[in-house]
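Q: please find the sequence and the predicted model below.
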Amino acid sequence: MKRIINRFKRIDTKLLKSNIKEISQLTGKSQISVFMDMLQCYKKYGAGYSEYFEYEFYLLNEQERSTYMTSVQANEIVQRYNQKEYRHLFYDKADFNKTFADYVGRDWLNIQTASKDDIDKFLENRDTMMIKETQNLMGHGVEKITISDIENVDEFVQKCLENKQYLWEEFFTQHTEMARLYPGSVNTLRVITFFDGDEVAILEKVLKIGNGGHLDNFAAGGMYTILSEEGKVLYPAFDAKANAFSIHPSSQVEIIGFEVPHYDKVVELVKNVGRQVPQIPYVGWDIAIGQEGPILIEGNYNSGVFQMKPSITKEKVGVKPHYKKYIDF
């Protein structure tokens, strides 16, 4: 009940009305009819209005809808399997970097515990860096900093402390192929895994691509698509406004057919890190691809799901059947 109340408090009424109006125009159904169907889908499947729109529930029958994972169902997995006392190792980005130090592949500094000498050494001989809030989601509190623009280091440190941007990281240079896709952001993978105590199963393989900003997050204007078992893009990417792209609108690079470099190493990486904290078996790993191979950006103990639109794939099956091969929920 608490979760339901909190969810209703977070409703973006402007977006809700916009979604209802657009679906009504697409389907020819009245806006009241669309809204009532949304309510029914929330009651039966836990699908919020954004998921109803994103996964195109208005195109699906009852059986087809039942194959799509919703955030409510993903949260059931989190609550059942991911132990609360270990979640901070993923939620806190500084704790994550410390826990997975062998895999993050970049220099970093927690300014809460760093000395002035540590800070000076970190800034030395660098042109740029990323600063991050240690406990935030969807790219909030993440900034790219040009170090030469810092006029007073002490004042800058104090500002970061006030903004809770405690984590400073070396700016990561992505693989030339990933940069060719869209150079404005680091384009990452979200690979969702589940560790059953013996094997690490890969549940989803997602390519996230920036579009117009310096982040590839869906909520920040980015787009995503699903990868094949070999790390190849089979379908157009789409954004939060349901725009689908076979060719990137900025770089003009073909998205369909794009092959993620070092994908075999990505699989090896997640198979290794998926075992590191067995108390958190369900994780969505954010991975960047460097020239020499993949590195970990972060791990999400409460990862949502990523599913293609049925209008894009021409298939009306979500990821739930695949999840159920490995997870009891």
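A: That came through, no problem.

Q: so where's the longest strand in the chain?
A: Using DSSP state E, we find that the single longest strand of the chain is strand 200-209.

Q: report the mean confidence score over that one.
A: Averaged across strand 200-209, the pLDDT comes to 97.

Q: off-centre distance for the next helix or strand after that strand?
A: Sequence order places strand 223-226 as the next helix or strand after strand 200-209, per DSSP states H and E. On the basis of Cα atoms, centre = their mean, to the nearest Å, strand 223-226 sits 10 Å off its chain's mean C-alpha point.

Q: what does stretch 232-246 give?
A: 15 Å.

Q: quick one: end-to-end length of it, please.
A: From its first residue to its last, stretch 232-246 covers 13 Å (Cα to Cα, to the nearest Å).

Q: quick check: buried residues in it?
A: Residues of stretch 232-246 classed as buried: 233, 235, 236, 237, 238, 239, 240, 244, 245 (neighbour count, 16 or more other Cβ atoms under 10 Å). Quick note: C-beta positions are derived from backbone N, CA and C, even for glycine.

Q: ok, so of those, who is nearest residue 78?
A: residue 240 (22.6 Å; Cβ to Cβ).

Q: am I right that residue 67 is in contact with residue 317?
A: Yes. Using Cβ atoms under 8 Å, residue 67 is in contact with residue 317, at 4.9 Å.

Q: poorly predicted segments of the stretch 1-150 of the chain, please.
A: 1-9, 137-139 (pLDDT under 70).

Q: which residues touch residue 91?
A: Neighbouring residues of residue 91 by Cβ atoms under 8 Å, 6 or more residues apart in numbering: 135, 301.

Q: can you do 10 Å?
A: For residue 91, the contact set (Cβ atoms under 10 Å, 6 or more residues apart in numbering) comprises 134, 135, 136, 137, 298, 299, 300, 301, 302.

Q: can you show me the CA trace of stretch 206-213 as CSV?
A: Only the C-alpha atoms of stretch 206-213 are listed here, as CSV (Å, rounded to 0.1, in the frame of the first residue of the first chain):
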residue,chain,number,x,y,z
VAL,A,206,20.9,-3.6,-23.8
LEU,A,207,22.7,-0.9,-25.8
LYS,A,208,22.1,2.6,-24.5
ILE,A,209,22.9,5.5,-26.8
GLY,A,210,23.0,9.3,-26.2
ASN,A,211,21.2,11.7,-28.4
GLY,A,212,21.8,15.4,-28.0
GLY,A,213,23.2,15.3,-24.5
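
Q: buried residues in it?
A: Buried residues in stretch 206-213 (16+ other Cβ under 10 Å): 206, 207, 208, 209, 210, 211.

Q: which residues are in contact with both of residue 67 and residue 317?
A: If you check residue 67 and residue 317 against Cβ under 10 Å, 6+ apart, the residues they both contact are 60, 307.

Q: can I assume residue 20 is in contact with residue 39?
A: No. With contact defined as Cβ atoms under 10 Å, residue 20 does not reach residue 39; the gap is 11.2 Å.

Q: ok, residue 133 to residue 232 distance?
A: 34 Å (Cβ to Cβ, to the nearest Å).

Q: which residues of this structure fall in strands?
A: 108-110, 128-132, 143-146, 167-170, 189-195, 200-209, 223-226, 237-239, 244-245, 282-289, 294-300.

Q: distance to residue 81 added to these, as TSV?
A: As requested, these are exported to TSV (distance: least, Cβ to Cβ, whole Å):
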stretch	distance to residue 81
strand 108-110	28
strand 128-132	27
strand 143-146	33
strand 167-170	27
strand 189-195	8
strand 200-209	13
strand 223-226	23
strand 237-239	29
strand 244-245	34
strand 282-289	5
strand 294-300	14
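
Q: so which of these is nearest residue 14?
A: The nearest among the strands of the chain, by Cβ to Cβ, is strand 237-239 at 17.6 Å.

Q: quick one: average confidence on that closest one?
A: Here the average pLDDT along strand 237-239 is 94.

Q: stretch 266-276 too?
A: Mean predicted confidence for stretch 266-276 is 98.

Q: just the buried residues of it, please?
A: Neighbour count says stretch 266-276 has 266, 267, 269, 270, 273, 274 buried, by 16+ other Cβ under 10 Å.

Q: what separation is there between residue 121 and residue 168?
A: 12 Å.

Q: comparing the two, which residue is more hemmed in?
A: Shown here are residue 121 and residue 168; by other Cβ atoms under 10 Å, residue 168 has more neighbours (23 against 13).
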